[in-house]
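Colleague: Output the structure for:
(chains A and B)
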Amino acid sequence: GENVEQHPSTLSVQEGDSAVIKCTYSDSASNYFPWYKQELGKGPQLIIDIRSNVGEKKDQRIAVTLNKTAKHFSLHITETQPEDSAVYFCAGTLTGTASKLTFGTGTRLQVTL
Amino acid sequence: NAGVMQNPRHLVRRRGQEARLRCSPMKGHSHVYWYRQLPEEGLKFMVYLQKENIIDESGMPKERFSAEFPKEGPSILRIQQVVRGDSAAYFCASSPRAGADEKLFFGSGTQLSVL
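Modeller: Coordinates of the predicted model:
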């Protein structure tokens, strides 16, 4: 089955700086990679996703890049704000198999003033 | 449009008791997924259900755990004879139809504590 590894486990940045979270996956058949943000006491919320037919996707201050050859993908947050502080999870699976969605272990991002 | 509703938010049980966790999917969603999250870990898939059918239960422990999604009413995750190792946050997610490229909408979870 799929195995997703995520780094770093914790990340502290100053407000306004960029944050990068990296994930690797093991199953070359995986082609769908969502990112979730989990705030304290809440469930994970999808913030961006990417399919393997594209290498990069952007949505305002967040972007995701995918390298299929190396089997890794990254989340980039620019101009970080205190409200970006949360735990971020990457995940991966093969399209059509939502029940096989495998999550990374999470990155706790702290944006300091 | 209410999101995925889970209750209770917190549940305390003593060892050997039963725990019942409820999940009402978003309006119009007919697919429900249950995940378990241990402290400092990611979410682990447990079971995927459609109305009145269990589609994939490959992540469910073989004993003491069961799930249902009846024609009427919420989905229920049931844990019999709970043990301390069952203490975790249990999240439910729903989607309008099958497929990993459909967004999963998560509830706020039920924090189960076993004394």
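Colleague: Please make it C-alpha for all contacts and neighbour counts, starting now.
Modeller: Will do.
Colleague: so where do the strands sit in chain B?
Modeller: B:5-7, B:10-13, B:19-24, B:31-37, B:43-50, B:53-56, B:65-68, B:75-79, B:88-95, B:105-106, B:110-114 (DSSP state E).
Colleague: Against chain A, how distant is the residue most central in space within chain B?
Modeller: Taking C-alpha atoms, centre = their mean, the centroid of chain B lies closest to B:Trp34, which sits 3.5 Å from it. Distance of B:Trp34 to chain A, computed by C-alpha to the nearest C-alpha, to the nearest Å: 9 Å.
Colleague: Tell me the bridge partners for that residue.
Modeller: B:Val47, B:Cys92 (DSSP bridges).
Colleague: contacting residues for it?
Modeller: B:45-48, B:77, B:90-93 (C-alpha atoms under 8 Å, 6 or more residues apart in numbering or on different chains).
Colleague: of the residues you listed, buried ones?
Modeller: Buried members of the contacts of B:Trp34, scored by 16 or more other C-alpha atoms under 10 Å in any protein chain shown, are B:45-48, B:77, B:90-93.
Colleague: contacting residues for A:Asp84?
Modeller: A:Asp84 touches A:109-111, counting by C-alpha under 8 Å, 6+ apart.
Colleague: Show me which residues of chain A are close to chain B?
Modeller: Residues of chain A lying close to chain B by C-alpha under 8 Å from any C-alpha of the partner chain are A:32, A:41-46, A:89, A:93-106.
Colleague: Give me the helices and strands touching the helix or strand bottoming out on mean pLDDT in chain A, please.
Modeller: Sorting the helices and strands of chain A by mean pLDDT, DSSP states H and E puts strand A:102-103 at the bottom, at a mean of 90. Packing partners of strand A:102-103 (3 or more C-alpha pairs under 8 Å, 6 or more residues apart in numbering or on different chains; DSSP states H and E): strand A:86-92, strand B:43-50.
Colleague: make it 10 Å
Modeller: Counting contacts by 3 or more C-alpha pairs under 10 Å, 6 or more residues apart in numbering or on different chains; DSSP states H and E, strand A:102-103 packs against strand A:4-7, strand A:19-25, strand A:32-38, strand A:86-92, strand B:43-50.
Colleague: closest to B:Leu104 out of these?
Modeller: strand A:32-38 (9.7 Å; C-alpha to C-alpha).
Colleague: isn't B:Gln50 right next to B:Ala67, touching?
Modeller: No. Counting by C-alpha atoms under 10 Å, B:Ala67 is not a contact partner of B:Gln50; they are 11.0 Å apart.
Colleague: what residues do the two have in common as contacts?
Modeller: Between them, B:Gln50 and B:Ala67 share these contacting residues under C-alpha atoms under 10 Å, 6 or more residues apart in numbering or on different chains: B:Ser75.
Colleague: rewinding a little: most packed of the helices and strands packed on strand A:102-103?
Modeller: Looking across the helices and strands packed on strand A:102-103 with neighbours counted as mean count of other C-alpha atoms under 10 Å in any protein chain shown, the highest average goes to strand A:86-92: a mean of 26.
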